[in-house]
Structures are given as C-alpha cells and as structure tokens.
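[1] Below is the sequence, then the predicted model.
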Amino acid sequence: MNTSFPRLTLSLAIISALAVPLSPVLAQGGLPVSSLSSTPSGIDRDAPRVAQLIEKAEQHFKLGTLNLKDNRPDQARTEFDKAIDVVLESGMDVRSNPRLQTYYLELVERVFRMELPGQTPANAREQVASAQFVQTSTNATPDAVIPQVGFLREQKFEPSPLDDLSKLELNEEEKKVTDEDVAKLEEIKSTLDFKFTSNALVSQFMNYYQGRGRATMDTGLRRSGRYMAMARKIFREEGVPEDIAWLGQVESAWRPTAYSWAAASGLWQFIPSTGAQYGLRQTAWIDERNSFEKATRASARYLKWLANRYGGNWELAMGAYNTGEGNMDRAIARGGMRDFWAAYPYIARETKNYVPNILATILIAKNPEKYGFRNIRPDAPLSYDVVRVPSATSLQLIASATDTSVDFIRSLNPELRRDITPRGEAYDVRVPPGRGKNFVALLKRVPSERRETARVVAVAPGEDITAVAARTGVSVAQLQQWNAGVDLKAAGKLVVPAGSVTKVGYFPKRGATLGSSLRSVRARANETIAQIATRHNVSADEVARLNGFTPDTALSSNQE
C-alpha cells in the first residue's frame, strides 16, 4: 500500500489517466493542490525544479526500459510507477505548468506503449489527439465535458462531483453558525454509528445543503435508494460503520459512471492502482471500479484499512481516502496529533471540504424531514437477474433478447467498457429482473460463433414470416437459416443477423390500449424518466424498464 498518490500500476489504467485533462483538484489518493502561481513569473520561478523532476523521472523510466528488455516486467513496472510518482508526489500543480503537464502526458503514453505495445494501434497518437468529447450530463457545464480515448473504451462517463467540491466556497450566509448550532451537533451525532468531533464547518455545510445545495441533496437522497441497502450490507460485513456508506453521495452522487480528472472512476471513485490493489480488474474489456458490488466491497476494505492505520479515527480515514494516506500522514505530523481538525490547516482544499461535507450529508440523510427534505421518494433498489453468457456476447443481442435497450443493459453492467462482453471468458451479465430464464432459452438458439453479431426480433401476434422479413429488412431465407428447427409460426422471437436489421421490436400504434395498469404520457423537453415517475408517484426504475431507458435518460419534448 502506498503512502501517497497510489501508483498507476496497470498499463490500461495508465492510459485512462492520459485521457483525462489535468485540473487543480484532488481525487482519491490524489495530488495535493499547490499554492504555486500559474502566472508567467511563477512558471519561470519553477523552471529549475521542473527540470529536476523531469530528469529524475527519466532516470526511472530508463531503468524500467532496461528491465523490460531483460524480461523483468515486475521490476520494469516498479520503475515506471516511480517515474510517474516523481511528478505526482512533487506537490506541484501539474496543470499550472505547461512544460510539466506536457511531459506528464507524454510520460504516461510512453509507459503505456512500453507495457502493452501489442494493444496500441499504429495511429494511437492521432486517436488520442482527436479523443471523443462526450457531453454526458444534460445539466453539465462546458468544463464538465469528459474526454475519452476512442480505441480503449466505448463507455460514456459523467463528471465526478469531487471536481466541483474542490472549488466550492461557502458564502457568508452559510457561514453564519452559532455556538448553539455547534452544540446541537453533539446531540444529533449520537444517532450515528461512529464518532466524530463537532465543528462549525459541519454546520456550515448543513446550511449549504438546506440552501443553494438543496437540489444536490434532493438528487442524492433519491438516487441513494438504488444502492444504499447493498452498500450498508457490504459495509456491515466488512466491519465499517454503515452510515459511512453515504460517502458514495459525495464521491459520485451515486453514479457508477462518475469519472474525475485523476482517472478516479465509479461509485467510490477508485483511481486505477488503488482499485487494482483491492482486486478490481481493469482490462480492455471491463473496469470493475464501475461495478456495483465489487467496488463497494473494495471501498469498505480500503476504509477499514485506513481506519486501522489511524487508530479507529474515521474522520482521518475518510480524509485519507480522498487525499491519500501519505498526504494525511504528513498533515498529521505537522498538526502534532492524530486528529483531523489538528491536521486540517495542512491538508489540501478539497479534503478540507470533503470530510465536513460527508458528515453534513450523513446528518441530513439520517433525518431528512427535520431539515426540510420532505416527500422524497428514494429510487427502488436495483434488481436484476444474472445470466452467464459465453465469450464475446453482444450487448445488442442481450438487449434485443430481453426486450430492452443497450443503454439499459449498460446501466445494469457499468463495468463493461465495450458493447460486448469480454472475449475469451464467460461472463455474468445482469439483465432486467424476471427476464433471465427466457433469455437463457433464446441464447441457446444462437450458435456461439454468432453471439457477437446476432440480434433477436419480436414477432407480433398473427404476423407471418414474410411480414417479419419486410419489417426487419432480413430476407425470408435468412430468417429460415438463422432459426433452423424453430416453429416460425409459434415463435415469439426470431434470431437474425445484425447487419441488415432495421427494426427489432414490435410496438403498438399510438393510442393503442396498453393494459389496465399502464397508460401513456408525454414528456416535457429534457425531462427524465425519473422526473416523470416522481410526477406520477410511481417507481422510476419500473418506468425505465418498461420503456427501455435508464432513469436519468433525458427525453425530447412530447416524447411518448
């Protein structure tokens, strides 16, 4: 376990760091925010130190190269890690110095190329230079655009709330906290399952969430319903106070695809090497930092390890989870005692916000109505069937066979990096609840060599094979070939080649009867499934499943 920024030990993970623009914030185990100026005079002043850092990093890189040539990959990786650590542990704000930033990006790319030369295409540099910029949040600001390296992942990510947290400044109204307010913390904190020291900053963040941060708290309280039961269970099993599971709200706003500048990813914002240390696989096909259960368990184990390091002090453990145990150790040494508030003046700005922010979130979440958060309907806990599929099974096939969309399958399997399951291994994929059994039966009809390209089309009642062929764009001969031995008149679904499919589903005409328990509504512009569900007092997850969307899908005006 590192005592500062955890090293980028996996080469696929390293290129993830390359794909993310540098900005002056922290992530888990992150880079301390420096007070060095980014003005030209500051850059000139830092030039000798930058030159020393580059020279030292290059020495480790050259040693790594020699070890790799001598067929000693473990020693090579250690030296490559040290080269990156020289920059990340320097205490400098990498992004404020153009020369250091350029060198860092080039260094990460060189390490990636050295460790996995066979997986880097010849035009990788051009692809990196023209990385796809995907705006994944309908409410995101321009600087929330997340770059993605096209040749490595097809995932879409959402901005991590940690990036905004680092820049948050409380206003004068929010800072108005009396001694009586702090004294009240002593009373209400007794409802928590861990101890912390009362401080005015906690009350100030509670003021923030009851004011201009209300929408953030509203969203978090709603979305927490999907994951909180699972998180509490896992935290309890790992010996971590269950209330600390609310850390997920501050880390990711309960979004499994949250991604920060420092390549921290998932509900619990693991950077690549910390995730690897806690058993989260990261390959070209999957990134288990985005998994629900596995990443939650890894987070609980990491927090428990940190708490043991700091004698059971959960404030220090949470702070170290954010800034890295090395940075926290140095702050404790400067503060003179093992106490978060003694170390507080010596930690980076984001961590100063981070711990009181979590404490405020927990206190409000334990009794939301007391703080004005009424009539909030938490999302239903995630539910799904798990089906083991063979190597390289297309998500399009899975979606069409389970009557849903690829986006919804992705939302149930956020650890998948591509629209296909890992090649070379069977994989447990999550599908909508109640549909696993039928999916297994359909999957048996698809030859293994066709599971990457096949789709499933629905057959309407009374529809003959000629009508299906006309509707889907697949010839009758192909339908017969791909469904040999199947009674085409009785079959509710048919397997077809993907290339020529134009429409896989059969949908009733507008205004058709949907059933006694269902009705059709029209969306407002940019309204989400979750908002519509709240408006009609029904389950967001159920409405999402019925329509083949995710709860946060933004809809167009009058979409039915």
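    Arrived safely.
[2] Mind exporting the C-alpha coordinates of whatever helix or strand D85 lives in to PDB?
    For D85, the element it lies in under DSSP states H and E is helix 73-88. Extracted in PDB, the C-alpha atoms of helix 73-88 (Å, rounded to 0.1, in the frame of the first residue of the first chain):
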ATOM      1  CA  PRO A  73       8.300  -7.000 -16.200                       C
ATOM      2  CA  ASP A  74       7.700  -6.600 -12.400                       C
ATOM      3  CA  GLN A  75      10.800  -4.600 -11.900                       C
ATOM      4  CA  ALA A  76      10.100  -2.600 -15.000                       C
ATOM      5  CA  ARG A  77       6.600  -1.800 -13.800                       C
ATOM      6  CA  THR A  78       8.000  -0.600 -10.400                       C
ATOM      7  CA  GLU A  79      10.400   1.800 -12.200                       C
ATOM      8  CA  PHE A  80       7.700   3.100 -14.500                       C
ATOM      9  CA  ASP A  81       5.500   3.700 -11.400                       C
ATOM     10  CA  LYS A  82       8.300   5.600  -9.700                       C
ATOM     11  CA  ALA A  83       8.700   7.700 -12.800                       C
ATOM     12  CA  ILE A  84       5.100   8.800 -12.600                       C
ATOM     13  CA  ASP A  85       5.200   9.200  -8.800                       C
ATOM     14  CA  VAL A  86       8.100  11.700  -9.200                       C
ATOM     15  CA  VAL A  87       5.600  14.000 -10.900                       C
ATOM     16  CA  LEU A  88       2.500  13.200  -8.900                       C
END
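[3] so where is this structure shaky, pLDDT-wise?
    Applying pLDDT under 70 to the chain flags the ranges 1-42, 88-89, 91-96, 109, 112-157, 261-262, 499-517, 541, 545-546, 548-550.
[4] Do a quick rundown of the strands in it.
    All strands of the chain, identified by DSSP state E, fall at 132-134, 146-148, 158-159, 258-259, 385-389, 427-431, 454-458, 493-497.
[5] quick one, the longest helix seen in the chain and helix 73-88 angle?
    Longest helix of the chain, by residue count under DSSP state H: helix 40-69. On the basis of axes from the mean of the first three to the mean of the last three CA atoms, to 10 degrees, helix 40-69 is oriented at 180 degrees to helix 73-88.
[6] which strands and helices sit next to helix 40-69?
    For helix 40-69, the packing partners by 3 or more CB pairs under 8 Å, 6 or more residues apart in numbering; DSSP states H and E come out as helix 73-88, helix 98-115. Just so you know, the C-beta spots here come from the backbone N, C-alpha and C atoms, and that holds for glycine as well.
[7] about what we covered before: dump the strands of the chain into a markdown table; add distance to Y104 and mean neighbour count as well.
    Below are these laid out as a markdown table (distance: least, CB to CB, whole Å; neighbours: other CB atoms under 10 Å):
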| stretch | distance to Y104 | mean neighbour count |
| --- | --- | --- |
| strand 132-134 | 20 | 12 |
| strand 146-148 | 15 | 20 |
| strand 158-159 | 21 | 22 |
| strand 258-259 | 18 | 28 |
| strand 385-389 | 39 | 16 |
| strand 427-431 | 35 | 20 |
| strand 454-458 | 44 | 23 |
| strand 493-497 | 46 | 22 |
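[8] who wins for proximity to V406 among the ones you listed?
    Minimum separation from V406 across those (CB to CB) falls at strand 454-458, 10.9 Å.
[9] How far off centre is the closest one?
    In terms of CA atoms, centre = their mean, to the nearest Å, the centre of strand 454-458 is found 30 Å from the chain centre.
[10] what do you get for stretch 414-423?
    14 Å.
[11] first vs last residue of that stretch, how far apart are they?
    From its first residue to its last, stretch 414-423 covers 17 Å (CA to CA, to the nearest Å).
[12] Show me what counts as buried in it.
    Under the neighbour-count criterion of 16 or more other CB atoms under 10 Å, stretch 414-423 has 414-422 buried.
[13] who touches that stretch?
    152-155, 256-257, 266, 283-292, 294, 389, 391-396, 406, 410, 427, 429, 452 (CB atoms under 8 Å, 6 or more residues apart in numbering).
[14] I only care about those that end up buried; give me the PyMOL line for that.
    Here is the PyMOL command that selects only those of the contacts of stretch 414-423 that count as buried (16+ other CB under 10 Å):
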select buried, resi 152+153+155+256+257+266+285+286+287+288+289+290+291+292+294+389+392+393+394+395+396+406+410+427+429+452
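[15] follow-up on the earlier one: next, the angle helix 98-115 makes with the longest helix of the chain.
    10 degrees.
[16] got a list of what the nearest residue to R99 once chain neighbours are set aside touches?
    Nearest in space to R99, with sequence neighbours left out and distances taken as CB to CB, 6 or more residues apart in numbering, is V50 at 5.6 Å. Taking CB under 8 Å, 6+ apart, we find V50 in contact with 92, 97, 99-100, 103.
[17] By neighbour count, which of the residues you listed wins?
    Within the contacts of V50, neighbour counts (other CB atoms under 10 Å) peak at L100, which reaches 25 neighbours.
[18] Quick check: the gap between that one and A51.
    As for L100, its distance to A51 is 10 Å (criterion: CB to CB, to the nearest Å).
[19] do the same with A454
    For A454, the distance to A51 equals 57 Å [CB to CB].
[20] What of A317?
    38 Å.
[21] Pull out the buried positions in stretch 336-343.
    Taking 16+ other CB under 10 Å as the criterion, stretch 336-343 shows 340-341, 343 as buried.
[22] was I right about P159 contacting A258?
    Yes - contact status for P159 versus A258: in contact at 7.2 Å, counting by CB atoms under 8 Å.
[23] Mind checking which of A317 and A51 has more residues around it?
    Neighbour totals were compared for A317 and A51, and A317 leads with 26 against 12 (other CB under 10 Å).
[24] need the contact list for the more buried one.
    303, 306-307, 309-310.
[25] could I get these as a markdown table with neighbour count and distance to Q75?
    Output for those, formatted as a markdown table (neighbours: other CB atoms under 10 Å; distance: CB to CB, whole Å):
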| residue | neighbour count | distance to Q75 |
| --- | --- | --- |
| L303 | 24 | 31 |
| L306 | 20 | 29 |
| A307 | 23 | 33 |
| R309 | 18 | 28 |
| Y310 | 20 | 32 |
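[26] Tell me the one of those residues nearest M206?
    Nearest to M206 among the contacts of A317: L303, at 22.7 Å, using CB to CB.
[27] shouldn't that closest one be in contact with I244?
    Yes - L303 is in contact with I244 according to CB under 8 Å; the separation is 6.6 Å.
[28] If anything else comes up later, I'll come back, but that's it for now.
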